[in-house]
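Visitor: need a 3D model of the following:
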Amino acid sequence: MPDLSYHLWYLITGLGGPALTLPLAIAIALWLALGYSWRMAAGWLLLLGMAIGVVTVTKLAFLGWGVGVRELDFTGLSGHAMLSTAVYPVALFLMLLPARSKFRLVGVLFGLAAGIAVGMSRVVLSAHSPSEAITGCIVGAVTALLFVRWSWDAEPGRLSAVPVAVSLMMLTVGLHGVHVPTQRWVTHIALKVSGHDRPFIRARWKAGRYDSPSAAPLSQTQNTLAPPVILNNGNV
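Guide: As a prediction, the model looks like this:
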């Protein structure tokens, strides 16, 4: 890993937060609909939604049922890594869509590098294991590259690159560091669906100290939701 200060790693990891990347994804869809077609916008949201679904399912499976891979220290894909690796290449592709192909390619590669940097930050900050960050980056990269390949030859409409770039950069600056409790929401859903009174936690799961949290009445589950939301496997 590059020898960077923790402050810088925190700045990098903030680029992958859902409070930033999801508004960026919606802004991308709006610009696609305005300057190109609603079909492109819907395709982008569909691909991203599928990737988010994959991340969510892996997290629910671990938190609710302890489904993971101990040998790889895998408890679910990194949402930060997936979102950043999916969103930033597409954002730069959209900005550079009216430009020559080589500039578009450079933009996509730069976006992928930014997403990989976010994935690395999740490992450095002990929010995720390497396997979780790598798989998150892979799913995000596949999502971005599928959309870019599909949209590569799109004919630009009346959309100028300047307002697109300015709006996306303003969102990035304005929402960087904003936090939403996605891990709490996913944990809440996992406990509701599994019927368990507490989620699986990485350290105890790796040590094999328990295999199935005990079930509890719904009222008791509701009363015990607050304490477990700070987990060793970090945020999204």
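Visitor: helices or strands up against the helix ranked longest in the chain?
Guide: Identified as the longest helix of the chain according to DSSP state H is helix 38-65. Applying 3 or more C-beta pairs under 8 Å, 6 or more residues apart in numbering; DSSP states H and E, we find helix 38-65 packed against helix 18-35, helix 79-95, helix 130-151, helix 182-194. Every residue, glycine included, has its C-beta placed from N, CA and C.
Visitor: so for G68, which of the ones you listed sits nearest?
Guide: With C-beta to C-beta as the criterion, G68 lies closest to helix 130-151 of the helices and strands packed on helix 38-65, at 9.4 Å.
Visitor: show the subsequent helix or strand relative to that closest one.
Guide: Next along the chain after helix 130-151, taking DSSP states H and E as the criterion, comes helix 161-175.
Visitor: now do the buried residues in that next one.
Guide: V164, L168, L171, T172, L175 (16 or more other C-beta atoms under 10 Å).
Visitor: one more: stretch 105-122?
Guide: 107-108, 111-112, 114-122.
Visitor: P199 touches L191, doesn't it?
Guide: Yes: the pair P199 / L191 is scored as a contact, 6.3 Å apart, by C-beta atoms under 8 Å.
Visitor: return every residue with contacts to both of the two.
Guide: Taking C-beta atoms under 8 Å, 6 or more residues apart in numbering as the contact rule, P199 and L191 both touch L63, G64.
Visitor: helix, strand, or coil at G76?
Guide: coil (DSSP: H, G, I helix; E, B strand; the rest coil).
Visitor: quick check on it: phi, psi?
Guide: phi 140, psi 150 (degrees, to the nearest 10).
Visitor: next, the contact list for it, please.
Guide: Contacts of G76 (C-beta under 8 Å, 6+ apart): V55, T58, K59, A61, F62, L63, G68, E132, N233.
Visitor: same thing but at 6 Å, please
Guide: Shown in contact with G76 (C-beta atoms under 6 Å, 6 or more residues apart in numbering): T58, K59, F62.
Visitor: for the chain, give me the ranges with low pLDDT.
Guide: 1, 156-158, 209-236 (pLDDT under 70).
Visitor: related to what we said a few turns ago, possible to save the buried residues of helix 161-175 as TSV with distance to L22?
Guide: Output for the buried residues of helix 161-175, formatted as TSV (distance: C-beta to C-beta, whole Å):
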residue	distance to L22
V164	18
L168	13
L171	10
T172	12
L175	9
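Visitor: before we move on, back to that, narrow the buried residues of stretch 105-122 to those in helices?
Guide: Those of those lying in helices (DSSP H): 107-108, 111-112, 114-122.
Visitor: sorry, back to before: buried residues in the longest helix of the chain, which are they?
Guide: Going by 16+ other C-beta under 10 Å, helix 38-65 has these buried residues: 40-41, 43-45, 47-48, 51-52, 54-56, 58-65.
Visitor: can you check stretch 132-148 too?
Guide: Buried, per 16+ other C-beta under 10 Å, within stretch 132-148: 132-137, 139-141, 143-148.
Visitor: not counting that stretch itself, show me its contacts.
Guide: 44, 47, 51, 54, 74, 77-78, 81-82, 85-86, 89-90, 93, 108, 112, 115-116, 119, 122-123.
Visitor: and with 7 Å instead?
Guide: Outside stretch 132-148, the residues within contact range by C-beta atoms under 7 Å, 6 or more residues apart in numbering are 43-44, 47-48, 51, 54, 74-79, 81-86, 89-90, 93, 108, 111-112, 115-116, 119-120, 122-123.
Visitor: since that was my last question, I'll sign off now.
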